[in-house]
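# I'll drop the sequence and a predicted model, then ask my questions.
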Amino acid sequence: MARHMAMALTLPVVLGTLTLGAPAVAAVPPSPPSSPSSARPVTEPGPAAVAALDRAAHPLRTVEPGGDTRDLRPLGEMTGDARVVGLGEATHSTHDFFALKDRVFRHLVTERGFRTFALEASWSTGLRLDDYVVHGRGDPRRIMRDEFQRDYLWWNNTDYLKLVEWMRRYNVRHPDDPVRFLGDDIAWTGPEVYDEVMEYVAGHHPALSARVAELYRGLRPAVPTGTYIEEYLGKPYVERREAADRTGEALRLLERQGPDGDRAGYDRAVQQATAIDRTARQYAFDFDDPAQTAAAMRYRDEAMADNVLWWQRRTGTKVLLSAHNAHVSYETMDPRHYPRMQGAFLRDRLGADYVSVGLTFDRGSFNATGQDGAIHRWTLGPAGPGGNEHILDRVRHRDYLVDLRTVGPPAAAWLREARPTRSIGTDYPDGPYDIALARAHDVLIHLHEVEAARLRDR
């Protein structure tokens, strides 16, 4: 079952337990894929299709942030006036993907007016990092160490630390027009969120304080992130269900009070109570039932989309959303286990104001958890015939970006056909999966060779 869930930072009960203390192992030979795509024959496109991709491709100078970004201007034109741009990744722990996201965000901030970097991390984690980048509160290294545990440990890397530190430096220079940090995920809600809800209730509706405190009893975290998630998942289903009933009642109590003259404070308190409820509700599914597990995955993607939308509408900022390719995609690559993805929900609500950008690679390394429960550095050779990456790597540019909506024939038809594609999450072996690139994304960035991310505190 872990193979089906490895595309994303999903429910820890589904992914299995990670060995958090295990050191990374270099150059571990890859195993055969455990989730093969369909065995149907896949035809290779001819030279005319590669030539069409050649004509549409824009070369990418580098993935590393800093320096001249004129090569990214075509990306700005492709995303247009979109309010949310989803930028994916083909693995959850590749340096080149993380560094490129840093570079793209800096470019979109200076050239296209973007102001929020959203990460597939918990809502309360995003609040802590936002407090640092906006106000300089806390130590980003400590925040990342505290928050990026268990299924989020992949984000505790040197590239994201560099991004967060750049965001802080930017805000020191632009205090009246800051960049912001958002966490849109729901697997964990920190104690400070509970405290904020309770403080709001005490100040505006003191008669409800005792009842809300009772409803939240035993739920406010008092242990580290990873431990809390582990312990929560160890609870019987009936207890997890009852916890969601309590958080839902607390949210409804707050919503019924109305703004009471403080609209901004009320909206924020309701959103914080919603974050608490979403975490409890995410775990209030019967994971022994495959249909319930699939429903949990759908719930998570819709909740992540709702968090992004709430933030974008309240702040008025343009958002670069960082997540796995699967989460920013319009189509699911595994409908039995993932009924609907975040990108589809965002397109429903935003229309053309949401643009999806996928990332692919031909060869290189990444970090992922092996079947032994330890984290390893895996290395893959060139993509084989029949897959998307095999053809993408025949384009004359080593690294490039292409607008999948404007590619001419015959490549246009090829891009709309599903064929094997690398899509690797927290576990490996994983994939490939049959993906139709032009149906999944609006824009694609292809990298010839990548290397594993450098994880911190390991």
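Received it, and whenever you're ready, just let me know what you need.
# Next one: the residue nearest the centre of the chain from Val395, what distance?
In the chain, the C-alpha nearest the mean C-alpha coordinate belongs to Ala323, at 2.4 Å (CA atoms, centre = their mean). Ala323 sits 25 Å away from Val395, going by CB to CB, to the nearest Å. All C-beta spots, glycine's among them, are computed from the backbone N, C-alpha and C.
# ok, back up a step: and the nearest residue to the residue nearest to the centre of the chain once chain neighbours are set aside, which of the three is it?
Of all residues not flanking Ala323 in the chain, Glu120 sits nearest, at 4.1 Å (CB to CB, 6 or more residues apart in numbering). For Glu120, the assignment made with DSSP: H, G, I helix; E, B strand; the rest coil gives strand.
# And Leu359, by the same measure?
Going by three-state DSSP: Leu359 is strand.
# Can you give me the pLDDT of it?
Looking at Leu359, its pLDDT reads 98.
# repeat for His4
35.
# now Gly431
89.
# Would you confirm that it contacts Glu389?
No. Gly431 is beyond contact range of Glu389, at 11.4 Å (criterion: CB atoms under 8 Å).
# and for these two, which residues touch both?
Taking CB atoms under 8 Å, 6 or more residues apart in numbering as the criterion, Gly431 and Glu389 both touch 421-422.
# how many other residues sit next to Leu233?
As a burial measure, Leu233 scores 16 neighbours (other CB atoms under 10 Å).
# Would you mind measuring from it to Asp81?
Counting by CB to CB, the gap from Leu233 to Asp81 is 42 Å.
# for stretch 406-426, how far is the first residue from the last?
33 Å (CA to CA, to the nearest Å).
# roughly how far is it from the heart of the chain?
Computed by CA atoms, centre = their mean, to the nearest Å, the chain-centroid distance of stretch 406-426 equals 21 Å.
# And for stretch 155-166?
With CA atoms, centre = their mean, you get 15 Å for stretch 155-166.
# Format the CA atom coordinates belonging to the helix or strand where Leu321 lies as PDB.
Leu321 belongs to strand 318-322 when assigned by DSSP states H and E. The C-alpha trace of strand 318-322 is given here as PDB (Å, rounded to 0.1, in the frame of the first residue of the first chain):
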ATOM      1  CA  LYS A 318       0.000  35.900  -6.200                       C
ATOM      2  CA  VAL A 319       1.100  32.400  -5.000                       C
ATOM      3  CA  LEU A 320       3.700  30.000  -6.200                       C
ATOM      4  CA  LEU A 321       2.500  26.600  -5.000                       C
ATOM      5  CA  SER A 322       5.200  24.000  -4.500                       C
END
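# Can you name the secondary structure element that comes next after that strand?
Where DSSP H and E defines the elements, the next helix or strand beyond strand 318-322 is helix 325-328.
# packing partners for that next one?
Packing partners of helix 325-328 (3 or more CB pairs under 8 Å, 6 or more residues apart in numbering; DSSP states H and E): strand 84-87, helix 342-350, strand 354-369.
# Sketch out the low-pLDDT regions of this structure for me.
By pLDDT under 70, the low-scoring segments of the chain are 1-43.
# quick one, the longest helix along the chain and strand 354-369 angle?
Longest helix in the chain by number of residues (criterion: DSSP state H): helix 290-315. Here helix 290-315 runs at an angle of 120 degrees relative to strand 354-369 (axes from the mean of the first three to the mean of the last three CA atoms, to 10 degrees).
# Run through the bridge partners of His376.
Ala368 (DSSP bridges).
# looking at it, it is touching Gly370, isn't it?
Yes. Using CB under 8 Å, His376 is in contact with Gly370, at 4.8 Å.
# So those two - more neighbours on which side?
Just comparing His376 and Gly370: by other CB under 10 Å the higher neighbour count belongs to His376, 24 against 18.
# Using the three-state scheme, assign the nearest residue to Ile445 once chain neighbours are set aside.
Using CB to CB, 6+ apart and skipping the chain neighbours, the partner closest in space to Ile445 is Leu401 (4.6 Å). Secondary structure, three-state DSSP: Leu401 is strand.
# what sits opposite Leu401 in the beta ladder?
Bridge pairing for Leu401 (DSSP bridges) gives the partners His58, Ile445.
# what's around Ala412, how many residues?
With other CB under 10 Å as criterion, Ala412 counts 17.
# just checking, Arg394 touches Val50?
Yes. Counting by CB under 8 Å, Arg394 touches Val50, with 5.0 Å between them.
# who has more neighbours, the two?
Neighbour count, other CB under 10 Å: between Arg394 and Val50, Val50 has more, with 19 against 16.
# Quickly find the element holding that one.
helix 47-56.
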